[in-house]
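**Student:** Task: produce atomic coordinates for the following.
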Amino acid sequence: MAMADLPTILEQGHATLQTWISVVLLLTPFAYLVLSQRSKSVGGRSDKGEAGSHATGSLQILIHPIKSCKGISVPEAKYTLEGLDNDRRWCIIRADNNAVVTARDVAKMVLINPRIIPDSSSSEGGWLEVSFPKESGCEAFSVPLNPTEEVLQDWRNLDISLWGKDDIEGYVCQTNTGRSPSEILSEYMGLPVHLAVKGSRLRICQPTQRFPDLDAPSYFQDGYPLMLLSEESVAAMQERVRGMVGMQGVEETWSSDTLQVERFRPNIVVKGAGAPFFEDILTEFTVDSHHEGVEKASPIIQLVSKCTRCMLPNVHPETGVRDKAVPLKVLMKHRRGLDPARPSLSCMGCNGILTGNGVVKVGDWIHVRKMGFV
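**Tutor:** Sure, this is the predicted structure:
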């Protein structure tokens, strides 16, 4: 063997090792679950993940009315094909180019506090109230929850850009009293911005390798209408964080600090699967109040891709401070290479699409219909 061939051989060996690591990471939860079900029944034909089996109850339901702002834990949420009601229906956009601004750009966005105030007597269904940290000096404001066509005629209609595509219809929100949302948000953000609500024109999700003909709609989510994450996955990642204290910039405080699930901004957080990263191998499920699977009790939810991760989860949801290492560097070490479409990125949680309208409640059961590799 010539010495000149050595770098090529080493590079190929590294690529092979990375592939095997990815395969092991994918198979671990599957193997654990299959073995555990021999001694623990989870209902139906659970050893194969067939229809009627169930794995867990939903622990928490989170909606994020304004993209990248504070999330709200709710006891239940209606959903349509576009996602959970009021989840990411609004976003903050730059005034100069209509591009969506996120906490990747302005970390303190996570401290903006949206609140849904229903009002059945109002033609607009209620209000979205938006408030700010007291020390910011910015006053709260409210905008209509479901602005009527008459109201929308007075609001500026525009095409909003997200991930380089300016194909999302939106309207610049206005109020009838006080300073406009644009003025208040621009002061808080430190740059000229608007609050925008999504228009009625459908925004279609990007296809995936498993779903090349995907035509599901969404609001202002990064990619897909729903994101699922398990409590066990977050706990496992916290242990990996503690195992890296003192390495790659992971500070000593992480020996005791908690990795909050809110950092990952999921919609449904589940527990009781018996192993971390169960969502990696769950491809179809339903959610309803029945302990045992009931045919057609609720619409099927399909998981269509891994949720690849950026720096946003590094932002503390309660302080708005971005950590220099956690969790992204830990994810890159332990959860990289799991998405075949983007093998250089790390993953945590899985993206899903909805096949009908329904309601999900805290305490509902997750009924497994199909298992495989998302």
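
**Student:** Output the below-cut-off pLDDT ranges for the stretch 1-150 of the chain.
**Tutor:** 1-56 (pLDDT under 70).

**Student:** Which parts of the stretch 251-374 of the chain are helices?
**Tutor:** 328-334 (DSSP state H, counting those that start in this stretch).

**Student:** Quick check: which ranges of it have low pLDDT?
**Tutor:** Along the stretch 251-374 of the chain, no part satisfies pLDDT under 70.

**Student:** please redo it, this time with the cut-off set to 90
**Tutor:** 272-274, 289-297, 340-341, 373-374 (pLDDT under 90).

**Student:** so R265 makes contact with G71?
**Tutor:** Yes - with contacts counted by CB atoms under 8 Å, R265 reaches G71, the gap being 6.4 Å. C-beta: built from backbone N, CA, C; applies to glycine.

**Student:** Need the residues touching each of the two.
**Tutor:** Overlap of the contact sets of R265 and G71 (by CB atoms under 8 Å, 6 or more residues apart in numbering) consists of L62, H64.

**Student:** Could you tell me the end-to-end distance of stretch 94-113?
**Tutor:** Distance across stretch 94-113, first residue to last, is 19 Å (CA to CA, to the nearest Å).

**Student:** Run through who's touching that stretch.
**Tutor:** Here stretch 94-113 makes contact (CB under 8 Å, 6+ apart) with 66-70, 91-93, 130-133, 158-162, 166, 170, 182, 186, 188-194, 220, 310-312, 315-317, 319-322.

**Student:** Same check on stretch 154-165?
**Tutor:** For stretch 154-165, using CB under 8 Å, 6+ apart, the contacting residues are 91, 93, 97-100, 147, 166-174, 196, 199, 220, 222.

**Student:** One more pass at 6 Å, please.
**Tutor:** I93, N98, A99, V100, D166, I168, G170, Y171, V172, Q174, A196 (CB atoms under 6 Å, 6 or more residues apart in numbering).

**Student:** what does stretch 176-195 give?
**Tutor:** Here stretch 176-195 has contacts from I92, I93, R94, A95, V106, F132, S136, C138, F141, V172, C173, using CB under 6 Å, 6+ apart.

**Student:** How far off centre is that stretch?
**Tutor:** Distance, stretch centre to chain centre, for stretch 176-195: 26 Å (CA atoms, centre = their mean, to the nearest Å).

**Student:** mean confidence score for it?
**Tutor:** Averaging pLDDT along stretch 176-195 gives 97.

**Student:** Would you indicate which residues of that stretch are buried?
**Tutor:** For stretch 176-195, the neighbour count (16 or more other CB atoms under 10 Å) marks S180, P181, S182, I184, L185, S186, E187, Y188, M189, V193, H194, L195 as buried.
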